[in-house]
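# the sequence and its predicted three-dimensional model are supplied below.
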Amino acid sequence: MQRRRALFLDADYAIRGGQTYARLFVKGKKSTRLHYLYDPYFYADVNEGERGAIENLSIKTREGQAVRPKRTEFVEKILFGDRKRLLRIYCHEPRHVPILREAIPFPCYESEIPFGRRFMMDMGLVPFSVISYEREGRTIKKFLGSRDGNPFMLRRFSFDTEVYNPLGAPRPSKDPIIMFSYSDSEGARGVVTFKKDHKPFVEVVENEKQMLERFFSIMDERDADVLFGYNTTNFDLPYMYERAKKLGIPLALGRDGSPYRLVRKGLINPLEIRGRIHIDLYPVMKFFGFTGLIRTDDYTLKNVYSTVTGKTATKIDRLDIWRQWDSNDISTLTDYALSDALATMELGEMAFPLLTELSTITRMPLFDVAYATSGQLVESLLMSEATARGMVIPPKPSGSAVSARLENPIQGAYVKLPAPGIYENIVVFDFRGLYPSIICSYNIDPFTIDREGDFNKSPTGANFLKSPKGLIPIVLDNLIDRRVLIKRELKAAKKDTEEYKKLSARSHALKILANSFYGYLGYARSRWYNRKCAESVTAWGRMHIMEAEEKANAAGFKVLYMDTDSLFLLLDGKTREDALHFLANINKELPEKMELELEGFYSRGVFVSKKAEEKGAKKKYALLGDDGRVKIRGFELVRRDWSGVAKDTQRRVLEAILRDGSKDKAVAIVREVVEQLRSGKVPLDNLAIYTQLKKEPDKYDIVSPELSAALKARKKGKTMERGSIVGYVITKKGKSISEKAEILEFAPDYDPDYYINHQVLPAVMKILKELGADEYELTHGGRQKGMGDFF
DNA sequence: GCCGTAGGACTACCA
DNA sequence: ACTGGTAGTCCTACGGCG
């Protein structure tokens, strides 16, 4: 028998002759599927006496089929922290599991684990590892240990479609797809269309039908393993589906010529393409935004591409596509189409290493990772690690348990109220990985709590055993330790090499995961939710930061501000050496895993008051670093829901103060901008305010400006749904602000008064106020309306 | 019915 | 659909006035 090797990707199942086979998706020389006989099962907490009755169960399904267990055995497992003998009930098919589970009037476990994942966990199968196996016919007899494989063996392929859209929004029943563009990891690139264009990369066919068919054959020729697209889930693929149906041809996306399949995964419903891994980069980029990896006002391909690469993509206005097509000179359009496919490829290639690392670490297949939330990633990792240690995976909470958890939130972090003002010589310290280090230091885990033995007592009164270590601290410790090693390797590695990229992605993946553990402990739908644990984490956090504050005061520093894990001190005549000495002293008394770090020295900082009160505003400050860099948090200028003009002006004012300490300069800047706004010359792009619709448009109680703009735009054919980011401008027409709001594309003009009094001035007034009471008196002296008069 | 305002709805930020 | 803490805008219902 020949021994073969292949890169393992994913697993599900197939039924043959009444038997369940795990189906492994692998890539050797080609992409193939391997089959391996494996029975699904679940556990029941029953006595020996019940075994016979369970083995004799026979449940009639609606189709009249009898469902019986295949066999049973007692196994020793760890259930909720205690050793326990459980009955493992094997079934003939995965779909029998929930049926039999329903019929057993005793506690059952692990009956809702998808079969593919069950199999992967039991076998210790890791995505992107190389397995070696012996094959007999269509099935494998055995397969062996795995080692690191190379995800870049997979061929990545990106594509984009252009659609005819004379009415703005294209109608799939009438408007054809006019162009496909693609590129792949081997350097292929091209455009397929059905109007003449003499360019080497453009392939011209007769009609739309031929074009679709040609596109499917290109995917096969290029042997695409991974399909990158942008918003393909909601737009391109469903549109292709409609067009293919209309044209009477199969939507041959899969390796076997099958169309896509809708997979339900909670709120996201990704489209699965058989034999390939479809990665829609739009949700991926949103996830990156969530983890703080990227920062952008909206998640259009154009915007994300320029924030990620620093390059700007020249684009045709989407509304112009049909005009260009009708003009019969499609040269610009083909360029544009190709650049979209290339930009998608570039984003895909940047995301790929991080996604594959997340997949390998969490044991979650790449396709799932691409659409996963951080909660699912943590859960996947914990489920694998629990299984490897003989622990029963805790069940998902019931709906009522979820509501109860939601109604009962836990106390969070401490934030110190800063006194507004302009300060000099500031040092900032923060705890490195505060919550993860607390979880590890105090062995915080749902199953180390309130048990016999030597324990750590949390400030909330909960007791956590010192040993043995709980699953969560073990897994988290491991993530942190691995990251330390990788950072060391990273220092030795040469930048811009493949190795460096891989290590850097791995480090990042480990960080994302480690930072998600605390959230997962307090997440209402978590399998490992524990109120006392989550509460203790934050309580210990508050304790440590407040102890640091006391010590700073005792050492003669003035504590300016604190938030969760950070400490802002005024040197107040002391030297930097004093500050570092203080830091060392603090660290001497902290648990081993915890460390307070120097974040930086700052020569100047601005804290402002709240809008309505004299009190200082929390989570809002600007610092000027030694290196001349400005660090800004919380100010309107970091928010997408403020106009560009207000944000730019606020930035310039802050910099004038931080760098030059000049109020005259700051005032001059504001005067200039107000003048420009009044003149009506400010481009509308600079006036757009971006706000996301977090609900379906018809689910709102009140009509906000963004909703009003979205509803008006929808009447003109724009897609506006939950998740859409609405870029709108306040125009002159209308009474209320909502009435005046129109999306950027449809805004004919802007209302200077709104932008002066509701955008620019509010953004800068609080800062100018800190420059001195004189200006404050001047602007506030008895005047409520028309703050603009001053400028 | 008009006006001004408190409280609520809502979003995006910090950590 | 990982957590809580926070600022801020705009809308809307409400009470006072007449």
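Nice, thanks for sending it over.
# host element of the nearest residue to residue A:151 once chain neighbours are set aside?
Leaving aside its chain neighbours, residue A:151 sits nearest to residue A:356 (4.0 Å; criterion: CB to CB, 6 or more residues apart in numbering). Where C-beta positions appear, they are placed from N, C-alpha and C, glycine not excepted. When elements are defined using DSSP states H and E, residue A:356 is found to belong to helix A:331-362.
# off-centre distance for that helix?
Mean C-alpha position of helix A:331-362 versus that of the full chain (CA atoms, centre = their mean, to the nearest Å) differs by 16 Å.
# and it, average pLDDT?
When the per-residue pLDDT values of helix A:331-362 are averaged, the result is 94.
# give me the helices and strands touching the next helix-or-strand element following that helix, please.
Using DSSP H and E, the helix or strand that directly follows helix A:331-362 along the chain is helix A:366-370. Contacts of helix A:366-370 with other secondary structure elements, assessed using 3 or more CB pairs under 8 Å, 6 or more residues apart in numbering; DSSP states H and E, are made with strand A:3-16, strand A:277-280, helix A:331-362, helix A:374-388.
# other residues contacting the last one?
The reference is to helix A:374-388. When contacts are taken as CB atoms under 8 Å, 6 or more residues apart in numbering, the neighbours of helix A:374-388 outside the stretch itself are A:113, A:117, A:120-122, A:124, A:266, A:287, A:290-291, A:358, A:361-364, A:368-369, A:372, A:392-393, A:471-472, A:474-475, A:512-513, A:516-517, A:519-520, A:523, A:525-528.
# helix or strand for the residue nearest to residue A:73 when sequence neighbours are not counted, just tell me which one.
In space, residue A:73 comes closest to residue A:88 once its chain neighbours are excluded; the distance is 5.3 Å by CB to CB, 6+ apart. Assigned by DSSP H and E, residue A:88 belongs to strand A:82-91.
# next one: residue A:734
Secondary structure assigned from DSSP H and E places residue A:734 in neither a helix nor a strand.
# residues near residue A:473, how many?
Using other CB atoms under 10 Å, residue A:473 has 22 other residues around it.
# do the same with residue A:157
Neighbourhood size, residue A:157 [other CB under 10 Å]: 26.
# next, count neighbours for the closest residue to it other than its chain neighbours.
Excluding the flanking residues, the one nearest residue A:157 by CB to CB, 6+ apart is residue A:224, at 3.5 Å. By the measure other CB under 10 Å, the count of residues near residue A:224 is 27.
# could you look up the SS state of residue A:224?
Secondary structure for residue A:224, judged by DSSP: H, G, I helix; E, B strand; the rest coil, is coil.
# what's near enough to touch it?
Under the contact definition (CB under 8 Å, 6+ apart), the residues listed for residue A:224 are A:155-157, A:184, A:276.
# if we can go back for a sec, so which of the contacts of helix A:374-388 are also by DNA strand C?
Among these, the ones lying near DNA strand C by CB under 7 Å from any atom of the strand are A:266, A:290-291, A:516, A:519-520, A:523, A:525.
# can you flag which of these belong to helices?
The members of those that map onto helices under DSSP state H are A:290, A:516, A:519-520.
# any idea which helix or strand in chain A has the lowest mean pLDDT?
Sorted by mean pLDDT, DSSP states H and E, the helices and strands of chain A end with helix A:773-780, the least confident at a mean of 39.
# run through the neighbouring helices and strands of the strand holding residue A:88.
When contacts are defined as 3+ CB pairs under 8 Å, 6+ apart, strand A:82-91 sits against strand A:41-44, helix A:51-55, strand A:69-79, helix A:96-103.
# which of these is buried the deepest?
Mean neighbour count (mean count of other CB atoms under 10 Å) peaks for strand A:41-44 among these, with a mean of 23.
# pull up the pairing partners for it, direction included.
Strand pairing for strand A:41-44, determined by DSSP bridges: strand A:82-91 (antiparallel), strand A:108-109 (antiparallel).
# tell me how far that strand lies from the chain's centre.
Centroid separation for strand A:41-44 versus its chain: 33 Å, with CA atoms, centre = their mean.
# quick one: contacts for the residue most central in space within chain A?
Here the mean C-alpha position of chain A is nearest to the C-alpha of residue A:287 (CA atoms, centre = their mean), at a distance of 1.8 Å. Contacts of residue A:287 were listed using CB under 8 Å, 6+ apart, and they are A:372-374.
# would you turn those into JSON lines with distance to DNA strand B, neighbour count and pLDDT?
Converted to JSON lines, these look like this (distance: CB to the nearest atom of the strand, whole Å; neighbours: other CB atoms under 10 Å; pLDDT from 0 to 100):
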{"residue": "A:372", "distance to DNA strand B": "18", "neighbour count": "26", "pLDDT": "94"}
{"residue": "A:373", "distance to DNA strand B": "14", "neighbour count": "18", "pLDDT": "93"}
{"residue": "A:374", "distance to DNA strand B": "11", "neighbour count": "19", "pLDDT": "94"}
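# residues of chain A that sit close to DNA strand B?
A:413, A:430, A:563-566, A:619-620, A:632-634, A:638-641, A:690-695, A:700-702, A:704, A:706, A:725.
# tell me, how many residues neighbour the nearest residue to residue A:502 once chain neighbours are set aside?
Distances taken as CB to CB, 6+ apart place residue A:353 nearest to residue A:502, at 6.0 Å, with adjacent residues excluded. Here the count is done by other CB under 10 Å, and residue A:353 has 20 residues near it.
# does residue A:233 count as helix, strand or coil?
helix.
# my read: it touches residue A:283, true?
Yes. If you go by CB atoms under 8 Å, residue A:233 and residue A:283 touch, sitting 7.5 Å apart.
# residues that sit against both of the two, list them.
Overlap of the contact sets of residue A:233 and residue A:283 (by CB under 8 Å, 6+ apart) consists of residue A:270.
# secondary structure element for residue A:485?
For residue A:485, the host element (DSSP H and E) is helix A:471-492.
# taking chain A, what residue is nearest to DNA strand C?
residue A:519 (1.7 Å; CB to the nearest atom of the strand).
# local confidence estimate at that residue?
pLDDT for residue A:519: 95.
# run a quick neighbour tally on it.
By the criterion of other CB under 10 Å, residue A:519 has 14 neighbours.
# in a markdown table: the helices and strands packed on helix A:366-370, plus distance to residue A:262.
Output for the helices and strands packed on helix A:366-370, formatted as a markdown table (distance: least, CB to CB, whole Å):
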| stretch | distance to residue A:262 |
| --- | --- |
| strand A:3-16 | 15 |
| strand A:277-280 | 12 |
| helix A:331-362 | 21 |
| helix A:374-388 | 18 |
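# to residue A:211, which of those lies closest?
With respect to residue A:211, and counting by CB to CB, the nearest of the helices and strands packed on helix A:366-370 is helix A:331-362 at 12.1 Å.
# okay, the angle between that closest one and strand A:3-16?
Between the axes of helix A:331-362 and strand A:3-16, defined by axes from the mean of the first three to the mean of the last three CA atoms, to 10 degrees, the angle is 90 degrees.
# so which bits of helix A:331-362 are buried?
Of the residues in helix A:331-362, those with enough neighbours to count as buried (16 or more other CB atoms under 10 Å) are A:333-348, A:350-362.
# how about the contacts made by residue A:737?
By CB under 8 Å, 6+ apart, residue A:737 lies in contact with A:705, A:730, A:754, A:758.
# and of the residues you listed, the nearest to DNA strand B?
Proximity of the contacts of residue A:737 to DNA strand B, judged by CB to the nearest atom of the strand, is greatest for residue A:705, which lies at 10.2 Å.
# can you give me the helices in the stretch 151-300 of chain A?
A:208-221, A:237-247, A:281-290 (DSSP state H, counting those that start in this stretch).
# number of residues surrounding residue A:64?
For residue A:64, the neighbour count with other CB under 10 Å is 6.
# the nearest residue to residue A:734 once chain neighbours are set aside: what's it in contact with?
With sequence-adjacent residues excluded and distances taken as CB to CB, 6+ apart, residue A:734 is closest to residue A:740, at 4.0 Å. Applying CB under 8 Å, 6+ apart, one finds that residue A:740 lies in contact with A:705, A:730-734, A:751, A:754.
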